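[1] Predicted model follows, preceded by the sequence.
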Amino acid sequence: MSTKTQIHTELNRLASLSSTGPHSLRLTLRDGTLDATLTQIDQLACAFEHFSYKVDKLANATVDQLKDVANTLSTRLSYLLESISPIEIDNDACVVQMRSNPPQKDDDGTRYYELVVARGELTLCRFSRPSGQQRRIVAANVTREVFERLAEDFVAAVG
């Protein structure tokens, strides 16, 4: 069964339980495990606070290998609200941190995606930072098609 089909089936199952969450989505995919915390699901869209792909293939990755994954994701995730690009590479911790570039700014503050490419795991969250306040995780609202595509792209980026 394809990644897209597995995600589609699980979203339907979770939506049948309740349209409001939180719902934990956990699926074993090709070489890893997809975990997401969904706050809402309906026929067309869903909202997630946390989206991660845990994969053993990256457990001992070098920083250069993680940079390659980050660059692949930067290219593939062009369908999100903002483009995502690397902002910091920590050679000692072997982590590549990526963010929306540019972030979304308005009178309410700044909102952006943050994607962390680390040994063993890729993690995507959306943050909001109201003017003069600390940042906090907020739900990312996406169509089901975009959610399914995220999973496919995370799997493909690891190769």
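    Looks like it arrived, so ask away. None of these values were measured; they are calculated from a predicted model.

[2] what's the burial count for residue 159?
    Per other CB atoms under 10 Å, the neighbour tally for residue 159 reads 10. Every residue, glycine included, has its C-beta placed from N, CA and C.

[3] Tell me, what's the model's pLDDT at it?
    You'll see residue 159 listed with a pLDDT of 83.

[4] How about the contacts made by it?
    Applying CB atoms under 8 Å, 6 or more residues apart in numbering, we find residue 159 in contact with residue 57.

[5] One more pass at 10 Å, please.
    Contacts for residue 159 were tallied using CB atoms under 10 Å, 6 or more residues apart in numbering; they are 31, 55, 57, 68, 69, 72.

[6] Turn those into TSV, columns for distance to residue 100.
    Compiled in TSV, the contacts of residue 159 are given as follows (distance: CB to CB, whole Å):
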residue	distance to residue 100
31	27
55	24
57	26
68	21
69	18
72	17
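
[7] in this structure, which residue is closest to the centre?
    Residue closest to the average C-alpha location in the chain (CA atoms, centre = their mean): residue 124, at 3.0 Å.

[8] For it, which three-state class applies?
    With DSSP: H, G, I helix; E, B strand; the rest coil as the basis, the three-state label of residue 124 is strand.

[9] Hmm, it is touching residue 98, no?
    Yes: using CB atoms under 10 Å as the test, residue 124 is close enough to residue 98 to be in contact (9.0 Å).

[10] shared neighbours of those two, which are they?
    Taking CB under 10 Å, 6+ apart as the contact definition, residue 124 and residue 98 share the neighbouring residues 73, 77, 84, 113, 114, 115, 116, 117.
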